[in-house]
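> from the sequence below, what's the structure:
(chains A and B)
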There are 2 protein chains.
Amino acid sequence: MRTYLDCYPCFLRQALSAARMVTDDEAAHQAVVTETLALLQALPSGTTPPEIAFEVHRLVRERLGDSDPYATVKAESTREALALYPRLTALVAESEDPLDAAIRVSIAGNIIDFGVSDDVPDLWATVERIMSATLAIDDRAGLRSALAAADRVLFLADNAGETVFDRVLLEKLKLPVLYAVKGGPILNDATREDALAAGLGTCATIVDNGSRAPGTVLDLCSPEFRDTFNNAPLVIAKGQANYETLSEAGPRVFCLLQAKCPVIADDMPAPVGSAVVFQGTLR
Amino acid sequence: MRTYLDCYPCFLRQALSAARMVTDDEAAHQAVVTETLALLQALPSGTTPPEIAFEVHRLVRERLGDSDPYATVKAESTREALALYPRLTALVAESEDPLDAAIRVSIAGNIIDFGVSDDVPDLWATVERIMSATLAIDDRAGLRSALAAADRVLFLADNAGETVFDRVLLEKLKLPVLYAVKGGPILNDATREDALAAGLGTCATIVDNGSRAPGTVLDLCSPEFRDTFNNAPLVIAKGQANYETLSEAGPRVFCLLQAKCPVIADDMPAPVGSAVVFQGTLR
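A predicted model of the protein is given here:
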């Protein structure tokens, strides 16, 4: 069974970072770090990164008695992204290929990721970079065909703030969209509340997947969501955790993301920092 | 007592990275990671980063039976740096202020640091960046005065390969230099062998500090080296670990480095990535 040793330092950093979002008490930080060290020591080999994240962030929440350590940074990300919304829609409207521009905007928004780093790079600079980037994996032609053939889209959200960038893409799709968020707070992943704050209620039907794991771990999702997923003709899945959990869920699934961490980038393979449109395969 | 929780994820990464340099056996990597998690859990609060590094790398060496996991990357760093040596000396010779250029070259070489990251950025691009950088902390005037007044210099080396960049500076100092390396391999820190391979034997007397701790932990150094240190009129100390251990060792000490990690950068304070010439203070 594969182990993900590279993820251990990263989850230790995440635990400390989440603890600091909740409290300034250094003894509490130390306690969270010590307990996370014990948790990581006890992990069965082969535990996947989304499963580790689920356990680590549960530990932080329970230890510090805060159900949503990332609430403040999520609200801030949404505010920052909404401030860019007029420029983003103008950029797409003025583009020679508005659908392509909107796909790139949605990928650019994937830079908002407190799992990968405690600092989010400048958002507009990221948009400019992704607008002119060569995609390291480029299944856009397949995505366009699938969009032309489908009567609806299931769109799996990733992070708060990124939601606003997704909205720009949703507004260019001429199809009904189900926008699926997490069933409860985990990291800075978007919940229903975060999606509503980003204005997604105006262009999609918001559903939740019934789970608090990062990505889409179907076994942990609600039966209703599993039905929705299984019956969707086309799934757009945002971000690294959705890639990790759904890259082998078949060609109905298109993963839109930036490869931000070396573990994911090596798996693809794609360079760290690159933009990707990846059509799912079958195991 | 201060804790350095931010360093824990970094040392866990270092342990894994060092283990991979020794063997491809994933069970061995897993064992090193698990034992490092236990070691970090048991650390007394207030253990400093050089002390943690000392323990973590001892664990890796003992667990894997390799006294110098970084031997190959050290040799490679020295080869790469030696390939640049003619361009570096030309750059300094053609400069309007050769001493200043040579100081900057030595600081540029501090980018070679496997403690901070497993990847070393492009060396020549780093030289060009540092040649035109504004120093975030700039005690160059004090350093020039001290060089003019001193009859000899104790130069505390940092990493293999960086040694070649130091050599460019040493060749511009019109003073006898003692070039002090570690007493045994730790991380990619330079030992006597590494300094000789870089050609330091032609422009300095190489001494070792009798210790295998990163930086200069005087209590762990040999009595001979402590005498040398205490009697030196001027000490040039390279890199983050020397800054950590000697920044309060008084105004005889000048730290030349790039602030590469957030913990050190916050301590100075200076931006991450910035170049620094820092004159020591007294506690």
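
> drop to CA atoms for contacts and neighbour counts, all remaining ones
Will do.

> may I have the helix or strand of chain A with the lowest mean pLDDT exported as CSV, CA atoms only?
Here the helix or strand of chain A ranked lowest by mean pLDDT, DSSP states H and E is helix A:262-267, holding a mean of 90. Once non-C-alpha atoms are left out, helix A:262-267 reads as follows in CSV (Å, rounded to 0.1, in the frame of the first residue of the first chain):
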residue,chain,number,x,y,z
PRO,A,262,4.7,18.1,-5.2
VAL,A,263,2.8,14.9,-4.2
ILE,A,264,-0.1,15.8,-6.5
ALA,A,265,2.1,17.2,-9.2
ASP,A,266,4.2,14.0,-9.3
ASP,A,267,1.1,11.9,-9.5
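
> list the buried residues in the helix or strand following that helix.
Following helix A:262-267 in sequence order, the next helix or strand is strand A:275-279 (DSSP states H and E). Buried residues in strand A:275-279, counted by 16 or more other C-alpha atoms under 10 Å in any protein chain shown: A:275-279.

> with stretch A:253-262 instead?
Buried, per 16+ other C-alpha under 10 Å, within stretch A:253-262: A:253-262.

> secondary structure class for residue A:17?
In three-state terms, and counting by DSSP: H, G, I helix; E, B strand; the rest coil, residue A:17 is helix.

> nope, residue A:143 is what I meant
helix.

> list the beta-bridge partners for the residue nearest to it when sequence neighbours are not counted.
Closest residue to residue A:143 apart from its sequence neighbours, by C-alpha to C-alpha, 6 or more residues apart in numbering or on different chains: residue A:254 at 6.8 Å. Residue A:254 has these beta-bridge partners by DSSP bridges: residue A:236, residue A:279.

> what about residue A:254, distance to chain B?
Distance, residue A:254 to chain B, using C-alpha to the nearest C-alpha, to the nearest Å: 31 Å.

> can I get the buried residues of strand A:275-279 in CSV with distance to residue B:185 and pLDDT?
Output for these, formatted as CSV (distance: C-alpha to C-alpha, whole Å; pLDDT from 0 to 100):
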residue, distance to residue B:185, pLDDT
A:275, 40, 98
A:276, 42, 98
A:277, 45, 98
A:278, 45, 98
A:279, 47, 98
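
> and of the residues you listed, the nearest to residue B:9?
residue A:275 (27.0 Å; C-alpha to C-alpha).

> re the thing from before, closest to chain B among the buried residues of stretch A:253-262?
When those are compared for distance to chain B (C-alpha to the nearest C-alpha), residue A:262 wins out at 11.2 Å.

> what sits up against stretch A:138-155?
A:173, A:175-180, A:229, A:232-238, A:252, A:254, A:276-279 (C-alpha atoms under 8 Å, 6 or more residues apart in numbering or on different chains).

> contacts for the least confident helix or strand of chain A, please.
For helix A:262-267, the surrounding residues in contact (C-alpha under 8 Å, 6+ apart) are A:6-7, A:240, A:244, A:259, A:271-272.

> off-centre distance for that helix?
Relative to its chain's centre, helix A:262-267 lies at 16 Å (C-alpha atoms, centre = their mean, to the nearest Å).

> surely residue A:233 is in a strand?
No. Residue A:233: not assigned to a strand; according to three-state DSSP it is coil.

> so it is in contact with residue A:251, correct?
No. Shown here, residue A:233 and residue A:251 do not form a contact pair, counting by C-alpha atoms under 8 Å, at 10.0 Å.

> contacting residues for residue A:189?
Contacts of residue A:189 (C-alpha under 8 Å, 6+ apart): A:157-160, A:181-182, A:214.

> using TSV, please lay out these together with pLDDT and secondary structure.
Output for the contacts of residue A:189, formatted as TSV (pLDDT from 0 to 100; DSSP: H, G, I helix; E, B strand; the rest coil):
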residue	pLDDT	secondary structure
A:157	98	coil
A:158	98	coil
A:159	98	strand
A:160	98	coil
A:181	98	strand
A:182	98	coil
A:214	94	coil
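
> widest-spaced pair of those?
Longest span within the contacts of residue A:189, C-alpha to C-alpha: A:160 and A:214, 12.9 Å.

> comparing those two, which residue is more hemmed in?
Applying other C-alpha atoms under 10 Å in any protein chain shown to residue A:160 and residue A:214 shows that residue A:160 carries more neighbours, namely 34 against 27.

> output the below-cut-off pLDDT ranges for the stretch 151-283 of chain A.
Regions of the stretch 151-283 of chain A meeting the criterion pLDDT under 70 are absent.

> so for the residue in chain A that chain B sits nearest to, what pLDDT did the model give?
The minimum distance from chain A to chain B, using C-alpha to the nearest C-alpha, falls at residue A:9 (4.3 Å). Here the pLDDT value assigned to residue A:9 is 95.

> gap between it and residue A:40?
10 Å (C-alpha to C-alpha, to the nearest Å).

> what parts of the stretch 1-150 of chain A come near chain B?
For the stretch 1-150 of chain A, the contact set with chain B under C-alpha under 8 Å from any C-alpha of the partner chain comprises A:5-6, A:8-10, A:12-13, A:16, A:30, A:33-34, A:37-38, A:40-41.

> I'd guessed residue A:73 sits against residue A:190; true?
No. In this structure, residue A:73 is not within contact of residue A:190 by C-alpha under 8 Å, at 11.4 Å.

> the two: which is more packed in?
A direct count of neighbours by other C-alpha under 10 Å for residue A:73 and residue A:190 places residue A:190 higher, at 27 against 16.
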